[in-house]
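**Student:** Build me a structure from this.
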Amino acid sequence: MEMMPVLAAIRGWFAAHFVRTGGGQASDVPGLRALLSGQASFVAQKLVTEYCQAKAGRHWPQLATEQTFIDALARARWEAFAAILADVVVIAEGILRPAAGDRRERLLDPLIRLYAGALDAYPRPSHRPEGWGDAVAAFATRLAAAQRAEPQAPRLVAAVGGHRMFETLPIALGMRRYDEPMVINGVAFHLTAMIGRLRRRIDAPAVVGALLAPPD
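**Tutor:** Residues are numbered from 1 along each chain as shown. Now for the predicted structure:
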């Protein structure tokens, strides 16, 4: 039996976007970008797909063959990836902050470039022919505000990414109207579990040095 198109698309998403994160530490900018991108990819794909499967119920096999839904699901996964990646970079800034000391404000521009680079590392989605400029601009404003405050708890960080994910889910609003708190809680759960992994995997002094190093 052939794999349903939507399941093939999901498998392709994993192959293209889930960077394996087991093993060594992130000690430079490419390593940090790969780590954060991989974590965000996994959470976005998992939450969007599982939510849609649960809401569709017995209609899932039918939806999985409809191109309109397949395209909408791909769009939702891309937008969720950008949203959760922003959450993850905000959390990473809080982890790096102690190692930066009084240089922490200088982390802003390199981390914005890292976020933009993680999005641009893949071909532009069909629904974003002009790229991710609006997402990067929104993230820059958000990260600047985050730097002026104490690091936020995961549930507060997740409120931003989870809201954006909820907005783009390819399920009729009438069927998901009251589900936004559940979606945000799902993101918060994964971010909470992720913090320990990031603290173990990020060599903060080395990464800060790499982020603040003059360009070649």
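
**Student:** tell me which element T49 falls in.
**Tutor:** Using DSSP states H and E, T49 maps to helix 29-56.

**Student:** Report all helices and strands that that helix contacts.
**Tutor:** Under the contact criterion of 3 or more CB pairs under 8 Å, 6 or more residues apart in numbering; DSSP states H and E, helix 29-56 touches helix 5-17, helix 60-63, helix 67-100, helix 108-120, helix 154-168, helix 180-201, helix 204-212. Yep, even glycine has a C-beta here, placed from its N, CA and C like the rest.

**Student:** how much does that helix deviate in direction from helix 67-100?
**Tutor:** 140 degrees (axes from the mean of the first three to the mean of the last three CA atoms, to 10 degrees).

**Student:** Quick one: mean pLDDT over helix 29-56.
**Tutor:** The predicted model assigns helix 29-56 a mean pLDDT of 94.

**Student:** I'd like the distance from stretch 108-120 to the chain centre, please.
**Tutor:** 13 Å (CA atoms, centre = their mean, to the nearest Å).

**Student:** Need the CA coordinates for it. PDB is fine.
**Tutor:** The C-alpha coordinates for stretch 108-120 follow below in PDB (Å, rounded to 0.1, in the frame of the first residue of the first chain):
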ATOM      1  CA  LEU A 108      21.300  40.800  20.200                       C
ATOM      2  CA  ASP A 109      22.500  41.300  16.600                       C
ATOM      3  CA  PRO A 110      24.300  37.900  16.300                       C
ATOM      4  CA  LEU A 111      21.300  36.000  17.700                       C
ATOM      5  CA  ILE A 112      18.900  37.900  15.300                       C
ATOM      6  CA  ARG A 113      21.300  36.800  12.400                       C
ATOM      7  CA  LEU A 114      21.300  33.300  13.800                       C
ATOM      8  CA  TYR A 115      17.500  33.200  13.700                       C
ATOM      9  CA  ALA A 116      17.300  34.600  10.200                       C
ATOM     10  CA  GLY A 117      20.000  32.200   9.000                       C
ATOM     11  CA  ALA A 118      18.200  29.200  10.500                       C
ATOM     12  CA  LEU A 119      15.100  30.100   8.500                       C
ATOM     13  CA  ASP A 120      17.100  30.800   5.300                       C
END
